[in-house]
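Student: structure for this input, please:
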Amino acid sequence: MNDVISRSPYRVAAIQMTSGDNKQHNLETVERLVVEAVDHHQAALVLLPENFSLFDGSASLELGRQQATGLGDVRRFIASLSARLKVWIVAGSIPCSVRPDGVLIDGRVRSACWVYDDQGKEVSRYDKVHLFDVDVGDQHGSYCESAQFEAGTEVVVANSPMGTLGLSICYDLRFPELYTRLAKQGAQIITVPAAFTYKTGEAHWEVLLRARAIESQCYVIAANQTGAHSKGRKTWGHSMIINPWGEVVAMAKAGEGVISADIDLTSLSELRAAMPISSHRRI
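Tutor: Below is the predicted model of the structure:
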């Protein structure tokens, strides 16, 4: 099923979901869509959206305590799934009450993205740096992510057979300096698991993703939540994969599903050689 792992270019996939407050249902959806990504799209790497296991802010603290170690049910589920399907999984975001150094967070959690290799091993972790404390004027009103989440502090890249992954989460997308750092640290593929609101997504989602791809000269894989969720949340969807020239090479339709595209590191290297932005940077 996964001889694709041993060749290049590699196929990557993004999962689009409408997660809610039923964790078991959400994880069943994850399994179904990841199987589809591997069996039908022949994906070697799959990106899940932000909050894939539970889209319910009030439950984040308890879920984070449950996921403090690799024995947490969501983390074990993703590890088992990646090992069974022999696929790399970038696991969107999972609340975690422990920092990467093992220190317990007092009264809050972090929004953590783990990378799992095709043996089910956690090979990297990124904690969301930029927290969504914003009033976007939608039905939900004000968002205050920092009330329950602590910001991460580290820029993280992860090596994979598909290329070097630059990790980010949702609201990070509005801060180009993060992606400049990721590119400087060797990123070739940038992952953006998200739960972009409908209002902000309609206005800014695609243009921000394309800008990040162009300025960093990286592939961008963006997996978004979509549709109506519990407690009045509505997200934009339109998950997409963008090449380093800024072209959208795959985009999701409305609703849950899978998109995929090939990653060609040879063409990426040729583009960077023809337009060496990194060596031209002066500021």
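Student: okay, buried residues for stretch 154-173 please.
Tutor: 155-158, 160, 162-173 (16 or more other Cβ atoms under 10 Å). C-beta coordinates here come from the backbone N, C-alpha and C atoms, glycine included.
Student: show me where the stretch 1-150 of the chain has helices.
Tutor: Counting by DSSP state H, counting those that start in this stretch, the stretch 1-150 of the chain has these helices, from start to end: 23-39, 60-66, 73-85.
Student: list the buried residues of the second one.
Tutor: Think helix 60-66. The neighbour-count check on helix 60-66 (16+ other Cβ under 10 Å) flags 60, 61, 63, 64, 65, 66 as buried.
Student: and which of the residues you listed is nearest residue 37?
Tutor: Nearest to residue 37 among the buried residues of helix 60-66: residue 63, at 24.2 Å, using Cβ to Cβ.
Student: is that closest one in contact with residue 51, as I believe?
Tutor: No - judged on Cβ atoms under 8 Å, residue 63 makes no contact with residue 51 at a distance of 9.9 Å.
Student: of the buried residues of helix 60-66, which is the nearest to residue 228?
Tutor: Nearest member of the buried residues of helix 60-66 to residue 228, counting by Cβ to Cβ, is residue 60, at 19.5 Å.
Student: list the residues that contact that closest one.
Tutor: Applying Cβ atoms under 8 Å, 6 or more residues apart in numbering, we find residue 60 in contact with 54, 95, 109, 148, 149.
Student: now it. Nearest residue, chain neighbours left out?
Tutor: Closest residue in space to residue 60, ignoring its immediate chain neighbours: residue 95 at 4.5 Å, by Cβ to Cβ, 6 or more residues apart in numbering.
Student: quick one: contacts for that neighbour?
Tutor: 60, 61, 63, 64, 67, 109, 110, 111, 112, 149.
Student: and residue 58, by the same measure?
Tutor: Applying Cβ under 8 Å, 6+ apart, we find residue 58 in contact with residue 231.
Student: same question for residue 193.
Tutor: Going by Cβ under 8 Å, 6+ apart, residue 193 touches 47-50, 52, 90, 92-93, 113, 169-170, 222-223.
Student: likewise residue 21?
Tutor: Contacts of residue 21 by Cβ under 8 Å, 6+ apart are 54, 55, 56, 59, 230, 231.
Student: remind me which residues of the protein are low pLDDT?
Tutor: Within the chain, the ranges that satisfy pLDDT under 70 run 1-8.
Student: before we move on, what SS does the residue nearest the centre of it have?
Tutor: Nearest to the mean C-alpha position of the chain, by Cα atoms, centre = their mean, lies residue 193 at 2.5 Å. Assigned with DSSP: H, G, I helix; E, B strand; the rest coil, residue 193 falls in the strand class.
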